[in-house]
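Engineer: Okay, predicted coordinates and the sequence, questions at the end:
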Amino acid sequence: MVAEPESDLSQVTSRAPIGVFDSGVGGLSVLKVINQTLPAEDLIFLADQAHVPYGSRSLEEVQAFSEGITRFLLVQRVKMIVVACNTASAAALHHLRRLFPQTPFVGMEPAVKPAAELTRSGVVGVLATPATFQGALYASVIERFANEVTVLQGTCPGLVMAIEAGQLDSVEVKTILEKALQPMLAQGIDTVVLGCTHFPFVIPMIEKIVGPQVRVIDPAPAVARQVGRLSDIHSLHTFSANSGRMRFLTTGDPRLMEELLPKLIGQPSQVYPARWVPGRLTLET
């Protein structure tokens, strides 16, 4: 049996990086806010673009990918891991916490609670992948926080891959969003929850469709705050006047991701290749 590459927090320095991963570039929406909230922290971002989208894959597949990525990030000596993917959080977060109990994890949860608290009409829309809607985590959130509101669901087929291609304001994206949102508007939503980390990149298009009377909730700020809280609890904060470094890796084509970075996070950067080999993820040399 392969030994677990666990992080021993007593031996991990506060200067160690925070690992962030997603099936694709969607998790960059979370990374960007973490960087703005905790600018001194070093960050490693891994996009598993060889397997994007996770939303159409089985629970077992997503768990296996998430476990492999976690092992890889722990080899990079990260001090915390952010599962910046709603599908992976729903499918694998509990699994990862059981396997790696010494590692702090932050996952994604559809922001139904704040939506239920903020809605005036009592009707809330959630945009997410089918896998997120089918997961136990989403069901638990609905059961705990949405008893007194009506929650409408939209899966937005094709939207993740359109965003992966950098089509943030295309006719295709507008059509996908209108198909999901117009029936919700007809039923009186006044709040939209983004239940996929790719979707914040098309907030401007969403806001054009729903109008100023509908609130759009991006979960990334809440995730960044939770990263800060866990850093406090485990004494993992980096205290430095210098800005942290960001390192980007993908299991897909690094050149394509490099082309997207200025559009998605506002700055260029080199992207390094990582590759799946039987049973594990490794840096490509």
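Structural biologist: Yes, it's here. Residues are numbered from 1 along each chain as shown.
Engineer: Can you classify Val82 by secondary structure?
Structural biologist: What DSSP: H, G, I helix; E, B strand; the rest coil gives for Val82 is strand.
Engineer: in the stretch 151-285 of the chain, what spans have low per-residue confidence?
Structural biologist: Of all residues in the stretch 151-285 of the chain, none has pLDDT under 70.
Engineer: Please enumerate the strands of it.
Structural biologist: With strands called from DSSP state E, counting those that start in this stretch, the stretch 151-285 of the chain shows them at 191-194, 215-217, 246-250, 271-277, 280-283.
Engineer: residues making contact with the longest one?
Structural biologist: The set of residues that contact strand 271-277 without belonging to it, under Cβ atoms under 8 Å, 6 or more residues apart in numbering, is 46, 50, 68, 72, 247-251, 254-255, 257-258, 261, 281-284. C-beta: built from backbone N, CA, C; applies to glycine.
Engineer: ok, now with 7 Å
Structural biologist: Strand 271-277 has contacts (Cβ atoms under 7 Å, 6 or more residues apart in numbering) with 46, 50, 248-251, 254, 257-258, 281-284.
Engineer: Switch the strands of the stretch 151-285 of the chain over to CSV; also include mean neighbour count and distance to Gln153.
Structural biologist: CSV is the format used below for these (neighbours: other Cβ atoms under 10 Å; distance: least, Cβ to Cβ, whole Å):
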stretch, mean neighbour count, distance to Gln153
strand 191-194, 26, 10
strand 215-217, 18, 15
strand 246-250, 21, 30
strand 271-277, 16, 32
strand 280-283, 15, 32
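Engineer: okay, these in CSV with distance to Leu230 next?
Structural biologist: Shown next, in CSV, are these (distance: least, Cβ to Cβ, whole Å):
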stretch, distance to Leu230
strand 191-194, 22
strand 215-217, 22
strand 246-250, 19
strand 271-277, 25
strand 280-283, 24
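Engineer: nearest to Phe100, of these?
Structural biologist: Smallest distance to Phe100 across the strands of the stretch 151-285 of the chain (Cβ to Cβ): 15.1 Å, for strand 280-283.
Engineer: Show me what the closest one is packed up against.
Structural biologist: Judged by 3 or more Cβ pairs under 7 Å, 6 or more residues apart in numbering; DSSP states H and E, the packing partners of strand 280-283 are helix 59-75, strand 271-277.
Engineer: Using JSON lines, lay out the ones you listed together with distance to Ala88.
Structural biologist: JSON lines is the format used below for the helices and strands packed on strand 280-283 (distance: least, Cβ to Cβ, whole Å):
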{"stretch": "helix 59-75", "distance to Ala88": "5"}
{"stretch": "strand 271-277", "distance to Ala88": "15"}
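Engineer: Pick the most buried one from the ones you listed.
Structural biologist: helix 59-75 (a mean of 20; mean count of other Cβ atoms under 10 Å).
Engineer: Can you pull the phi/psi pair for Gly125?
Structural biologist: phi -110, psi 140 (degrees, to the nearest 10).
Engineer: got the contact list for it?
Structural biologist: Taking Cβ under 7 Å, 6+ apart, one finds 152, 154, 181, 184, 189, 192-193 in contact with Gly125.
Engineer: how about the residues you listed, which pair is most distant?
Structural biologist: Going by Cβ to Cβ, the pair spanning the contacts of Gly125 furthest: Leu181 and Val193, at 12.1 Å.
Engineer: hang on, the earlier thing: of all the strands of the stretch 151-285 of the chain, which one is nearest Pro114?
Structural biologist: Closest approach to Pro114 among the strands of the stretch 151-285 of the chain is made by strand 215-217 (6.1 Å; Cβ to Cβ).
Engineer: so how far is that closest one off the chain centroid?
Structural biologist: Taking Cα atoms, centre = their mean, to the nearest Å, one finds the center of strand 215-217 at 17 Å from the center of the full chain.
Engineer: cool, stretch 251-263 as well?
Structural biologist: Relative to its parent chain, stretch 251-263 has a centroid offset of 17 Å by Cα atoms, centre = their mean.
Engineer: Of all the residues in it, which ones are buried?
Structural biologist: Burial within stretch 251-263, assessed by neighbour count using 16 or more other Cβ atoms under 10 Å, is assigned to 251-252, 254, 257, 260-261.
Engineer: what sits up against it?
Structural biologist: The contact list for stretch 251-263 (Cβ under 7 Å, 6+ apart) reads 25, 47-50, 166, 248, 250, 267-276.
Engineer: can you check stretch 278-285 too?
Structural biologist: 68-69, 71-72, 273-275.
Engineer: Quick one: residues contacting the closest residue to Phe199 other than its chain neighbours.
Structural biologist: In space, and not counting its chain neighbours, Phe199 is closest to Leu127: 5.7 Å by Cβ to Cβ, 6 or more residues apart in numbering. Neighbouring residues of Leu127 by Cβ under 7 Å, 6+ apart: 154, 156, 180, 192, 194-196, 199.
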